[in-house]
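# give me a 3D structure for the following:
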Amino acid sequence: ERRVEAGASEVAARTLRYYYVVPLVRELMKSAAPDWSFAFSQESAGAYFEYVDRDLNHLTYTDLEEGFYHYQATERKDKINEIGERLCNFFFRVQLFEKSQNYGLKTEVQLGEDTHARILDILGQIFLIYGELDSALNYLKRSLMASQEIGDRQGEGATLGNIAGVHHARGDYESALSYL
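Here you go, the predicted model:
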């Protein structure tokens, strides 16, 4: 390490650091051109944040939320559905309904009819909690159809119970019983 005075008018001195590099490495550094093959992509960023959430920091869902936004930019339906469902389900379970609804609706807006049945079911339950019974019934019926299409009997049964809950909230007990 060597100190060099910046000038008479400057009080502080700058520190320059010198490192010894062996001749072989020095030659390789001269001949090596920068590798520009790696460039930022929304998909690689989404995969990175998904990895961080899954393997390094699963205490909060912040990294997964970041991954969701990157995957939205890629328009990868499988990843948007997968991560959107995880976020929607997590925030619903911890009773952060507005946040859960936010991720559910963002997923649905981007994917439309390709939205997973579980996301539609959660959206229906949230609308039921908010007292918007028509919207709740609409989402739950869509969830029921999607569950039936893929043969998800467990999802179908859960959604039927939730539809019964909407009819019960309306005071239509006969219809509620017909879905149980």
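# for stretch 136-155, buried residues please.
Buried residues in stretch 136-155, counting neighbours by 16 or more other Cβ atoms under 10 Å, are found at Ala136, Leu137, Asn138, Tyr139, Leu140, Arg142, Ser143, Leu144, Ala146, Ser147, Asp152, Gly155. Using the backbone N, CA and C atoms, a C-beta is placed for each residue, glycine as well.
# from the residues you listed, which is closest to His70?
Of all the buried residues of stretch 136-155, His70 sits closest to Ala146, with 25.6 Å by Cβ to Cβ.
# nearest residue to that closest one in space, please, no chain neighbours.
Here the nearest residue to Ala146 in space, its sequence neighbours aside, is Ala117; by Cβ to Cβ, 6 or more residues apart in numbering that works out to 3.6 Å.
# which residues in the protein form strands?
2-5, 13-16 (DSSP state E).
# give me the mean pLDDT for the first one.
The pLDDT scores in strand 2-5 average 47.
# my read: Glu156 touches Ala146, true?
No - taking Cβ atoms under 8 Å as the definition, Glu156 is not a contact partner of Ala146, at 9.4 Å.
# any regions of this protein where pLDDT drops low?
With pLDDT under 70 as the threshold, the chain has low-confidence stretches at 1-19, 29, 31-39, 58.
# nearest residue to the residue nearest to the spatial centre of it in space, please, no chain neighbours.
Note on the chain: the residue nearest the mean C-alpha position is Phe68, at 3.0 Å, using Cα atoms, centre = their mean. The shortest distance from Phe68 to any residue other than its chain neighbours is 4.7 Å, reached at Ile83 (Cβ to Cβ, 6+ apart).
# I appreciate the help and will end here.
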